[in-house]
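>>> Everything below, folded, please.
(2 chains)
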Amino acid sequence: MKKAFTFIALIITAFLLIYGAEEFPKWGDPNQPASLHVSPRYIEKAVEETAVPNLVTAVLADYRSYDTMFETVVVFTAGIVVMMLLRRPKKW
Amino acid sequence: MVREFEDVIIQTLCRFFIPFIQLYSLYVFAHGHSSPGGGFQGGCIMAAAFVLMVIAYDLNEAKRRFREKALLIFCCLGVFIYAGTGWACLLLGSNFLDYGFLSKVLPTDPVKARYYGMAMIELGVQITVMAIMVSIFLDLVTRGEHEEILEEKDA
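The predicted structure is shown next:
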């Protein structure tokens, strides 16, 4: 009973996700909003705003630095979890 | 688990190579602004140098050079540097991680301050990734018993 319920819920969720993704712009479409507004803004303004010649670094560490911060926190958490799961201290 | 195995050729070559690997890691980190690279990649290369040291020598030799306590402190220090840079911007009256306002304390203009703010957070990423990689490697390679192995050797 529980398994059947999980299965039905999974199917409904998958259907909703696919239904929602239908509305997205096509992959690589040059007329999608991100290509029309966000990318040109970064390409044109990155050097004069951040003085960094590498566009990838400018986006990674400046425009999207909040994202990068929590990527670092994810790495940190992974290390702490491995420590907790595997490490056997001298005195338990 | 930890073999007593010594090979003169391997050890000599590794002694020669490890400083260059570490230097290359710092190069990848420092040139992340103008070429592919950055904190994540540099940290991984730095950890690889440590892994090479463990393979060529043994675990105790490597752990004597990079203590358990130092490892833990480095793990936290990197995240602290990153978040601390963000908080420094906040305290100077700007948004979180808006490095332009660091020009109030750094002797540069706001645009160049963003450059140095990015270098700062890349340093934090580098330190955390390096320490976490080494920590995970030590835990996996000794099944989490490396503290006891070190104790036995010292006694």
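>>> Chain A versus B:Val79, what's the distance?
5 Å (C-beta to the nearest C-beta, to the nearest Å). C-betas here are computed from N, CA, C, even on glycine.
>>> and that residue, what does it touch?
A:72-73, A:76, B:124, B:128 (C-beta atoms under 8 Å, 6 or more residues apart in numbering or on different chains).
>>> neighbour-wise, which of those leads?
For the contacts of B:Val79, counting by other C-beta atoms under 10 Å in any protein chain shown, the largest number of neighbours falls to B:Thr128: 27 neighbours.
>>> Now it: closest residue in space, sequence neighbours ignored.
B:Gly78 (2.9 Å; C-beta to C-beta, 6 or more residues apart in numbering or on different chains).
>>> Report whether the helix or strand where B:Ser25 lies contacts chain A.
Using DSSP states H and E, the element containing B:Ser25 is helix B:8-30. No: contact of helix B:8-30 with chain A (C-beta under 8 Å from any C-beta of the partner chain) is absent, the minimum separation being 11.3 Å.
>>> In that helix, which residues are buried?
Residues of helix B:8-30 classed as buried: B:14, B:18, B:21-22, B:25, B:28-30 (neighbour count, 16 or more other C-beta atoms under 10 Å in any protein chain shown).
>>> Who are the packing partners of the helix ranked longest in chain B?
Assignment by DSSP state H gives helix B:110-141 as the longest helix of chain B. Judged by 3 or more C-beta pairs under 8 Å, 6 or more residues apart in numbering or on different chains; DSSP states H and E, the packing partners of helix B:110-141 are helix A:39-50, helix A:55-58, helix A:65-86, helix B:8-30, helix B:39-56, helix B:59-65, helix B:68-91.
>>> Regarding A:Glu23, what is its secondary structure?
Secondary structure, DSSP: H, G, I helix; E, B strand; the rest coil: A:Glu23 is coil.
>>> tell me the phi and psi of it?
A:Glu23 adopts backbone torsions of phi -80, psi -10, taken as degrees, to the nearest 10.
>>> burial count for it?
Neighbours of A:Glu23 under the rule other C-beta under 10 Å: 6.
>>> Kindly report the same for the one 3 residues further on.
A:Lys26 is surrounded by 8 other residues when neighbours are defined as other C-beta under 10 Å.
>>> show me the contacts for it.
A:Lys26 touches A:Gln32, counting by C-beta under 8 Å, 6+ apart.
>>> Repeat the analysis, applying 6 Å as the threshold.
Counting by C-beta atoms under 6 Å, 6 or more residues apart in numbering or on different chains, A:Lys26 touches no other residue.
>>> Check which helix or strand it maps to.
Assigned by DSSP H and E, A:Lys26 falls within no helix or strand.
>>> same thing with the one 3 residues further on?
According to DSSP H and E, A:Asp29 maps onto no helix or strand at all.
>>> That one and chain B: what is the separation?
27 Å.
>>> buried residues in the longest helix of chain B?
B:110-115, B:117-139.
>>> average model confidence for that helix?
In this model, helix B:110-141 has a mean pLDDT of 90.
>>> relative to helix B:39-56, how tilted is it?
Relative orientation of helix B:110-141 and helix B:39-56, computed by axes from the mean of the first three to the mean of the last three C-alpha atoms, to 10 degrees: 30 degrees.
>>> For helix B:110-141, what is the distance to the chain centroid?
How far helix B:110-141 lies from its chain's middle: 6 Å, per C-alpha atoms, centre = their mean, to the nearest Å.
>>> now swap in stretch B:17-32 and tell me
11 Å.
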